[in-house]
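In: 3D, please:
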Amino acid sequence: MTAQSDDHERTMAFAEIALGQIKALRQPASPRNYEVWYNYATGYNPSLNEMVNETLARSGTLSEADIEQVYETYLSPTRLSERIDKVGARVMDEIDQVMSMVDTAVGNASSYSQSLAGVGKQLGTADRDGLRAIVESLVQTAKEMEAANSTLEARLTASKEEINQLQENLEVVRTESLTDPLTSLSNRKFFDQALAKCIAEAAAQNQTLSLLMTDIDHFKTFNDTFGHLTGDQVLRLVALSVKQNVKGQDIAARYGGEEFAVILPNTMLRASITVADHIRRAVMSKELMKRSTGEHLGRVTISIGVAALRPGDTIQSLIGRADACLYAAKRNGRNRVICESDPEVAATATQVA
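Out: Prediction:
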């Protein structure tokens with residue numbers, strides 16, 4: 001219930017900020033306006049906030065056209081698919097051109113073969129002058145074939161480079177679709193896919209697997225006290241600490257809001273607790289400073305829950321146990337790591353029951 005209550009308060013605070021902006025600018029409370037301002041209130045998309053702030057500084061308000069531009073640039077669900085479609089269309093166009101070149105080359109080769117066959121028939125009856133004409137014809141035909149092959153080779157090389165570039169573009173788009181823009185960690189979509197794959201592999205190979213669920217302590221206070229830009233700085237700081245303390249096949253992701261998750265394949269519970277504590281200490285060791293003023297804002301702490309894969313586990317059951325450990329850590333003072341075998345988790349389960 002505590003987790004639901006915290007989530008309710010946080011999202012209601014974002015909603016109040018969004019509605020406050022709509023009222024202050026006397027805009028229609030339409031779903032699109034609300035979505036833009038709600039995302040602005042969360043501060044989770046710094047590029048969106050930057051665009052809004054620049055427009056406000058320039059015009060003092062956001063017109064309907066401005067709202068439309070912000071939405072289409074950062075929030076439209078079709079934006080990513082449109083980029084994929086455009087790249088895909090270019091790939092198909094390039095393939096069509098290559099096939100057309102191949103067809104032309106096949107036609108040239110067939111014509112060359114026919115020319116050779118015709119020459120073969122003429123050789124038996126040709127006189128000296130006729131032979132000269134045949135040789136000159138063969139030389140000319142060979143030169144034309146050589147030129148055609150040279151042109152084909154150049155165009156195929158250019159097409160190969162273009163297709164390689166398009167493949168790189170597609171990979172960039174794919175990576176963007178699976179990456180959190182603020183922290184550069186994997187996003188929730190990638191996390192869900194990766195956890196399902198890791199659970200299946202661990203079960204099939206009878207290997208261990210652990211999951212860390214992490215939450216920033218008193219994050220709402222940072223946002224309310226110092227503003228969303230400082231909140232973004234806190235999120236980046238924690239993400240950096242997570243990234244620096246995982247390696248190899250480990251997968252770190254922003255789970256949502258101020259929550260992070262780390263998948264530790266082939267890692268037992270005890271070793272996972274060590275990793276979690278390294279992350280916790282790394283975050284705690286960094287002092288936060290406001291860049292604009294140089295003001296020291298104190299230190300950030302995080303709470304972490306750790307759970308290990310059990311036979312028959314699903315994505316939901318594993319996350320559920322890790323979450324239970326996380327909220328046990330929250331209820332027992334924060335800035336700590338608690339795993340599913342700790343007595344605090346059992347005590348919490350008894351209280352809930």
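
In: can you list the weak-confidence ranges in the stretch 51-200 of the chain?
Out: 76-89, 91, 94, 96, 98-99, 101-132, 134-136, 138-139, 163, 166-175 (pLDDT under 70).

In: Helices along that one, start to end?
Out: 64-70, 78-123, 128-177, 188-205 (DSSP state H, counting those that start in this stretch).

In: and this structure, what are its domains?
Out: 2-76, 79-177, 188-352 (automatic domain parsing).

In: quick one: the strands in the stretch 201-350 of the chain?
Out: 209-216, 251-256, 259-265, 287-289, 296-299, 302-308, 337-339 (DSSP state E, counting those that start in this stretch).

In: Now do the same contact list for T157.
Out: T157 makes contact with no residue under the criterion C-beta atoms under 8 Å, 6 or more residues apart in numbering. C-betas here are computed from N, CA, C, even on glycine.

In: Can you give me the distance of it to A147?
Out: 16 Å (C-beta to C-beta, to the nearest Å).

In: ok, for I17, nearest residue in space, not its chain neighbours?
Out: Of all residues not flanking I17 in the chain, A41 sits nearest, at 3.8 Å (C-beta to C-beta, 6 or more residues apart in numbering).

In: That neighbour is in what secondary structure piece?
Out: helix 31-42 (DSSP states H and E).

In: Report the buried residues of that helix.
Out: Using 16 or more other C-beta atoms under 10 Å as the test for burial, helix 31-42 gives 33-34, 36-42.

In: Relative to Y74, which of these is nearest.
Out: N39 (7.4 Å; C-beta to C-beta).

In: Now do the contacts for that closest one.
Out: 45, 48, 74-75.

In: what are the ranges of the helices in the stretch 251-353 of the chain?
Out: 269-284, 315-331, 343-352.

In: before we move on, the earlier item: so which of the domains of the chain is the most packed in?
Out: domain 188-352 (a mean of 18; mean count of other C-beta atoms under 10 Å).

In: Distance from the chain centre to it, please.
Out: Relative to its chain's centre, domain 188-352 lies at 19 Å (C-alpha atoms, centre = their mean, to the nearest Å).

In: got the CA positions of the helix holding A41 in PDB?
Out: Backbone C-alpha positions of helix 31-42 (Å, rounded to 0.1, in the frame of the first residue of the first chain) are rendered in PDB as follows:
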ATOM      1  CA  PRO A  31      -5.800  15.700 -23.700                       C
ATOM      2  CA  ARG A  32      -2.900  16.800 -26.000                       C
ATOM      3  CA  ASN A  33      -2.200  19.900 -24.000                       C
ATOM      4  CA  TYR A  34      -2.400  18.000 -20.700                       C
ATOM      5  CA  GLU A  35       0.000  15.300 -22.100                       C
ATOM      6  CA  VAL A  36       2.600  17.900 -23.100                       C
ATOM      7  CA  TRP A  37       2.400  19.700 -19.800                       C
ATOM      8  CA  TYR A  38       2.400  16.500 -17.700                       C
ATOM      9  CA  ASN A  39       5.500  15.300 -19.400                       C
ATOM     10  CA  TYR A  40       7.000  18.800 -18.900                       C
ATOM     11  CA  ALA A  41       6.100  18.500 -15.100                       C
ATOM     12  CA  THR A  42       7.900  15.100 -14.700                       C
END
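
In: and it, what's its mean pLDDT?
Out: Here helix 31-42 scores 88 as its mean pLDDT.

In: about what we covered before: for the residue nearest to I17, what are its contacts?
Out: Contacts of A41 (C-beta under 8 Å, 6+ apart): 13-15, 17-18, 21, 228.

In: Show me the residues you listed that map onto helices.
Out: 13-15, 17-18, 21, 228 (DSSP state H).

In: if we take those, which one ends up nearest to I199?
Out: F14 (32.2 Å).

In: how close does that closest one get to P31?
Out: 15 Å.

In: Kindly report the same for T11.
Out: Counting by C-beta to C-beta, the gap from T11 to P31 is 16 Å.
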